[in-house]
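**Student:** Sequence plus the predicted model coming up.
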4 protein chains.
Amino acid sequence: MSNTLRVTVWGENVHDNNNATVKAIYPQGMHSCIAAFLNQAGGIKARTAVLQDHEHGLTDEVLDNTDVLTWWGHCAHGQVSDAVVDRIQRRVLAGMGLIVLHSGHHSKIFKRLMGHNCDLTWREAGEKERLWVVNPAHPICAGLPATNFEIEHEEMYGEPFGIPNPDELVFVSWFQGGEVFRSGATWRRGAGKVFYFRPGHETYPTYHQPLVQQVIINGVRWARPDGAFAWGCPNIKPEMAREKVTVWGGSVH
Amino acid sequence: MSNTLRVTVWGENVHDNNNATVKAIYPQGMHSCIAAFLNQAGGIKARTAVLQDHEHGLTDEVLDNTDVLTWWGHCAHGQVSDAVVDRIQRRVLAGMGLIVLHSGHHSKIFKRLMGHNCDLTWREAGEKERLWVVNPAHPICAGLPATNFEIEHEEMYGEPFGIPNPDELVFVSWFQGGEVFRSGATWRRGAGKVFYFRPGHETYPTYHQPLVQQVIINGVRWARPDGAFAWGCPNIKPEMAREKVTVWGGSVH
Amino acid sequence: MSNTLRVTVWGENVHDNNNATVKAIYPQGMHSCIAAFLNQAGGIKARTAVLQDHEHGLTDEVLDNTDVLTWWGHCAHGQVSDAVVDRIQRRVLAGMGLIVLHSGHHSKIFKRLMGHNCDLTWREAGEKERLWVVNPAHPICAGLPATNFEIEHEEMYGEPFGIPNPDELVFVSWFQGGEVFRSGATWRRGAGKVFYFRPGHETYPTYHQPLVQQVIINGVRWARPDGAFAWGCPNIKPEMAREKVTVWGGSVH
Amino acid sequence: MSNTLRVTVWGENVHDNNNATVKAIYPQGMHSCIAAFLNQAGGIKARTAVLQDHEHGLTDEVLDNTDVLTWWGHCAHGQVSDAVVDRIQRRVLAGMGLIVLHSGHHSKIFKRLMGHNCDLTWREAGEKERLWVVNPAHPICAGLPATNFEIEHEEMYGEPFGIPNPDELVFVSWFQGGEVFRSGATWRRGAGKVFYFRPGHETYPTYHQPLVQQVIINGVRWARPDGAFAWGCPNIKPEMAREKVTVWGGSVH
């Protein structure tokens, strides 16, 4: 953890290259757009990593220098190596923050940390989404309008959302087509903090919108590690107990 | 789900066969002891399955007929096939109850559902454990003394315990050697309910104690499916939306 | 707690008498309508009590024979005596279930148990409300359509809703006018269970709708006491400690 | 909210004056001791207020200039005016942080915010307490030993503790006499954050201990308002709805 918040913005980087609509909206890729607005926010140094990089760009060396990781993926979740997922999970439990965006709900790392399928319903119709703040004064809402903001064109995600009960629910979305969704939620996992934020379908210019950018900027700041913890399963030998114990019975060790 | 609660008691069944102390305490194996007291409780039909069975005894056919699964393992967690773990997770999310006992804290299925490492500290000294009820009137405490009960000889498990914040904390243990532990906790995962209960080291006669048996009986009753839910990720087409939507923008589908 | 679930349906009974629209919809009062469908559900014996009764109909004798209390009030919250509120709170902490309906969000007893102002935004326009199930297989959803149901004409309640983070979120509502609301939520308070359910504005025929009735029936069944607990602040004298302690230092007692 | 954290340390200030043991340990009163170590921590400006002051020293003007309030009381909870309790509750819901210490568990303001009786068991024997960290890397644990610390002489508080399930459990205490207690816990209430911290019996020198001071310093820093929210119950008129609504049905307004 440094004074400057070190963020690694991870992008799947597939539709960014093979879909004309997405390329038109994000000419340098979605990850570059996200890194750019984070770098302009103040106090944040963001770099990018993509699926196609060696070890998906998430080597131990990179993660050693990452306070918060953001994750966007959609069509290639299965191509992410389990070894890298294991590594990210260990880092989160030890303190690294994680921001999971939109279709990252079905990423291996999010499903791993939730212990759940993270299923939902969806519709790609470019309809209106209105995000309501249910947790006023949460740091993730800093600088937003008091109670709600709109995204004119978004994909719909609907309940039921297959997640454990969030530690904190921050946003609930209203969709034009009639659904609702818990679109901003947080969970503590070990020493690390996780924030899921729903908007960000790749065929709409969502990450160019200032209020969406504000939420992601707030999210990475909120997810800054408070500290670290080195997990393990230490044997506290009888002679090391804080109070006297006398060994009784058999052993399997 | 039937009127009689159908429980499958899973046992690792390794120390039960190769450790003289364990064999003396549980001549038919720990799983048989657990199934026996469940079968005497009333309204419960328990059968057993072990690691060494085909598919660890947890075929689709068995799970189709299981309302609640109990899990005890210790030294062979790594021998449980990932395919069976996937299957159990799907069943829990769809409604099956799961009771994880003692060293099952490090089982693949518990770590999977928690999204955590489930680490803790430990000491095998046969010391005194006193379990305090922190959630009076929780159904898992039915028939217990009002505020606490003791186990004369147990292994110590100490905090920090690497789990997500429980939905409900039921018991906290005091150990003679100076530690504390969240020894009874519940989580909802999808349509299913999960209860972790700490006691049960194999070299001590813990599962022969009536109050420990009562907690496990209460636990399986509490974990009875309330209902079921078939998860999935359905596409709600624009023409199927509950309110009128007009498609806008590009698509990746 | 008896085998038959004993429910007391409390009604404010003011608009029921002085507003022609309400009288037309609920000729015997809203409380009578609620008690009637509960009495037809099976296994439930419901009676009514109203603000105008002696001690609001909630004497110790009545509460001694109440497993679950339902509460509807709107314009006369301030007329409920604090002594009765104290009494209900004590009963809930000791195990009695409580179902708070609609405008009961601002009742003294709900604000007392939540520790919050229970504020919200509102609009009386008879617009469409669609309740989405976010907690599939929760017992309060038994018998409902799998994911949502509609009320054609309802008052709107909007977020932010001034409540503590629910233990379980069951329903989230979509409103035609653009808002969302956490319309079904549960909290444990001591030995008792509390369920808030949003629908039920008195100028619309909401409590005549079968699915709304089903939720309330499910709610009272869910809130049945699991047990009871007699709270207090007992002094455990040094000589009564479970482990030996030697008194040290001064005293203020 | 200012850059310097403005803390008001409230003390009951009764035993501080009439009990020789307490006077010897805290010659200027417990509140003065607490304010003193907060003022030495850096970035904090603490002042004191006591029961005997006009409006208990908690006028609107004082609270307008308070980011975080700490509360210690024991024998005179009933002398705190309800109007001041109402005022503090409103301030917490609007964003002010609150740290409740030791016997403050039975204060009006804590019971008000919890919605609970906050009962517990107790023993004044000057026994050993060991606090275990169950939430590693929580900001309230910054600078503490990794897993636990001890207080040589303390009053015992035992479970069950009559509180709602904490949002975050930070510490669990082990007591020499055999009990356990959830001795550090947090709750969000509206825009404000609440931290309960158990140690601090007035006849022992607890608040002179550096690690106890560190927890309280961490607590007030953690409780710094993230923002503020002006609650209320605004009527969103039909013509102000974000989506078109057509008024239907009768009204009670």
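**Tutor:** Good, I have the coordinates.

**Student:** Near chain B, which residues of the stretch 51-200 of chain A are found?
**Tutor:** Taking CB under 8 Å from any CB of the partner chain, the part of the stretch 51-200 of chain A that reaches chain B is made up of A:74-75, A:89-90, A:93, A:106, A:112-117, A:119-127, A:153, A:156, A:158, A:160, A:162, A:164-165, A:167, A:176-179, A:187-190. Any C-beta I mention is one placed from the backbone N, CA and C, and that applies to glycine too.

**Student:** A:Leu98: what's it in contact with?
**Tutor:** Remark: with contacts taken as CB atoms under 8 Å, 6 or more residues apart in numbering or on different chains, A:Leu98 is in contact with A:68-71, A:88, A:92, A:109, A:113, A:192-195, A:223.

**Student:** Then it would be within a helix, right?
**Tutor:** No - remark: A:Leu98 does not belong to a helix; assigned using DSSP: H, G, I helix; E, B strand; the rest coil, it is strand.

**Student:** For stretch A:219-226, output the C-alpha coordinates as CSV.
**Tutor:** Coordinates of the C-alpha atoms in stretch A:219-226 are reproduced here as CSV (Å, rounded to 0.1, in the frame of the first residue of the first chain):
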residue,chain,number,x,y,z
GLY,A,219,-15.1,2.5,-5.5
VAL,A,220,-11.4,2.1,-5.9
ARG,A,221,-10.8,4.7,-3.2
TRP,A,222,-13.1,2.9,-0.9
ALA,A,223,-11.4,-0.5,-1.6
ARG,A,224,-8.0,0.8,-0.7
PRO,A,225,-6.5,-1.8,1.7
ASP,A,226,-6.9,-0.8,5.4
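
**Student:** Can you tell me how far A:Thr121 is from A:His153?
**Tutor:** For A:Thr121, the distance to A:His153 under the criterion CB to CB, to the nearest Å works out to 18 Å.

**Student:** again, but for A:Asn165
**Tutor:** Separation of A:Asn165 from A:His153 (CB to CB) stands at 30 Å.

**Student:** Who has more neighbours out of the two?
**Tutor:** A:Asn165 (21 against 17; other CB atoms under 10 Å in any protein chain shown).

**Student:** Tell me the secondary structure at the more buried one.
**Tutor:** Recorded secondary structure, A:Asn165: coil (three-state DSSP).

**Student:** Ok, A:Trp71 next?
**Tutor:** Under the three-state scheme (three-state DSSP), A:Trp71 adopts strand.

**Student:** Make sure it is actually in contact with A:Met96.
**Tutor:** No - here A:Trp71 lies out of contact with A:Met96, judged by CB atoms under 8 Å, at a distance of 11.7 Å.

**Student:** The two: which is more packed in?
**Tutor:** A:Met96 (27 against 24).

**Student:** which residues does the closest residue to that one other than its chain neighbours form a beta bridge with?
**Tutor:** The shortest distance from A:Met96 to any residue that is not its chain neighbour, by CB to CB, 6 or more residues apart in numbering or on different chains, is 5.3 Å, and that residue is A:Gly192. A:Gly192 forms beta bridges with A:Arg189, as assigned by DSSP bridges.

**Student:** What of A:Phe181?
**Tutor:** Per DSSP bridges, the residues bridged to A:Phe181 are A:Ser173.

**Student:** That one and A:Cys75, how far apart?
**Tutor:** Taken as CB to CB, the spacing of A:Phe181 relative to A:Cys75 amounts to 21 Å.

**Student:** When those two are compared, which one has more neighbours?
**Tutor:** Under the criterion of other CB under 10 Å, the comparison of A:Phe181 against A:Cys75 puts A:Phe181 first, with 27 against 15.

**Student:** residues in contact with the more buried one?
**Tutor:** A:120, A:156-159, A:161, A:172-173, A:175, A:198.

**Student:** repeat for A:Arg87
**Tutor:** With contacts taken as CB under 8 Å, 6+ apart, A:Arg87 has the following neighbours: A:58, A:60, A:63.

**Student:** just A:Gly200 next, same as before
**Tutor:** A:30, A:72, A:101-103, A:206-207, A:212.

**Student:** Please dump those residues into a markdown table; it should also carry pLDDT for every row.
**Tutor:** Rendered in a markdown table, the data for the contacts of A:Gly200 read as follows (pLDDT from 0 to 100):
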| residue | pLDDT |
| --- | --- |
| A:Met30 | 98 |
| A:Trp72 | 98 |
| A:Leu101 | 98 |
| A:His102 | 98 |
| A:Ser103 | 98 |
| A:Thr206 | 98 |
| A:Tyr207 | 98 |
| A:Val212 | 98 |
